[in-house]
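# Have a look; sequence and predicted model below, questions after that.
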Amino acid sequence: MPRFKCLCTCLIFATVTAMVGVKSVSASPLLFATQSAFEGAAAEAFDRGDMPKAFDLAQNIIRSEGSASLKALYIAGYCLGRGLCGAPQDSLAAVHYMSLAGKGGYAAALFTLAMDPEFGASRLTPDERVALLIRASESLHPAALMNLGVAYGRGDGVEKDPVAARELYRQAAELGYGPAAFSYGVMLITGEGGRQDVVLGLALIEMSDEVGYPLSAPWLVRFREELSRKRVAVDAAKLKWTQGLGSVSLAGSRSDMSY
């Protein structure tokens, strides 16, 4: 399995000259004995879309532990950057929190800094973006692996390498990331970056379509007759792939925000 090393020894983060004061929603009493319990509660609130509660819990952790909790920093930064915390959107504070989480190596924060314009991604050079994606990919962040594959496929910020792109798509697909399953499937069908496997390629594209990835449908129309002829083989390939994933289920873009 190829190893992708960081292209630079430090990350380029947005400059924040001072800690920005943040107005929190009214803080609940400390009901949990440990930081991990608070982190779990904040993550649970975040996942179910209760951003004010997630932000409130994250702020409690930050006030208690400083920058020790990377997850809390990420949640606070995300909520402030989206204006979802019960307080006004605060871009400077959002970038500050997200940058601290990224400096600590938190994969979701690194991915956000690399790809999200709300957190300064549009100001990055291609090389800087790739460096952030490589750091996030080291923690097997599915969307980071996928987007790093795109960079290698296009030669954007790194030398073009279809073999590396295909391997990164495969890794992300095996982590259950639907868009990567589509991209890996296309490369299997075309034979780009490795051996051709039309049956598995069609199986992956069909599975990505089943989880709602929009680019899959045109390919299924294009290969409709091939799918019909190879229906049994494609279904067998889908079953084998699914069994190989174990407890992981193919999903759509929600994996972008995975912890």
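Structure received.

# mind listing what Ser91 touches?
80-81, 118 (CB atoms under 8 Å, 6 or more residues apart in numbering). Backbone N, C-alpha and C define where each C-beta goes, glycine included.

# mind giving me TSV with the residues you listed and columns for pLDDT, distance to Asp197 and neighbour count?
Putting the contacts of Ser91 into TSV (pLDDT from 0 to 100; distance: CB to CB, whole Å; neighbours: other CB atoms under 10 Å) gives the following:
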residue	pLDDT	distance to Asp197	neighbour count
Leu80	93	45	29
Gly81	93	41	22
Glu118	91	39	18
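
# Quick check: Pro179 vs Gly194, distance?
Using CB to CB, to the nearest Å, we find Pro179 at a distance of 19 Å from Gly194.

# In this structure, where is pLDDT below threshold?
1-35, 247, 252-259 (pLDDT under 70).

# The same query, at a cut-off of 50, please.
Along the chain, the model assigns pLDDT under 50 to residues 1-33, 254-259.

# What residues of the helix or strand where Pro179 lies count as buried?
Of the helices and strands defined by DSSP states H and E, Pro179 is found in helix 178-190. Buried positions in helix 178-190, judged by neighbour count with 16 or more other CB atoms under 10 Å: 178-189.

# What of stretch 221-229?
By neighbour count on 16+ other CB under 10 Å, the buried set for stretch 221-229 is 223, 227.

# Please name the residues that touch Phe46.
With contact set as CB under 8 Å, 6+ apart, Phe46 has these partners: 54, 75, 78.

# ok, now Leu84?
Applying CB under 8 Å, 6+ apart, we find Leu84 in contact with 51-52, 55, 78.

# Pick out the most distant pair among the residues you listed.
Maximum pairwise distance in the contacts of Leu84, criterion CB to CB, is 12.7 Å, between Pro52 and Tyr78.

# Of those two, which one has the most company?
Remark: of Pro52 and Tyr78, Tyr78 carries more neighbours, 27 against 16, as counted by other CB atoms under 10 Å.

# In terms of helices and strands, where is the more buried one?
Tyr78 is part of helix 70-82 when elements are defined by DSSP H and E.

# how about the following helix or strand past that helix: buried residues?
Once helix 70-82 ends, the next helix or strand along the chain (criterion: DSSP H and E) is helix 91-103. Within helix 91-103, the residues scored as buried using 16+ other CB under 10 Å are 92-103.

# mind putting the residues you listed in a markdown table, distance to Ala151 included?
As requested, the buried residues of helix 91-103 are arranged in a markdown table below (distance: CB to CB, whole Å):
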| residue | distance to Ala151 |
| --- | --- |
| Leu92 | 28 |
| Ala93 | 29 |
| Ala94 | 25 |
| Val95 | 22 |
| His96 | 27 |
| Tyr97 | 26 |
| Met98 | 21 |
| Ser99 | 21 |
| Leu100 | 25 |
| Ala101 | 22 |
| Gly102 | 18 |
| Lys103 | 22 |
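
# tell me which of the residues you listed is nearest to Pro162?
The shortest separation between Pro162 and any of the buried residues of helix 91-103 is 28.8 Å, and it belongs to Gly102 (by CB to CB).
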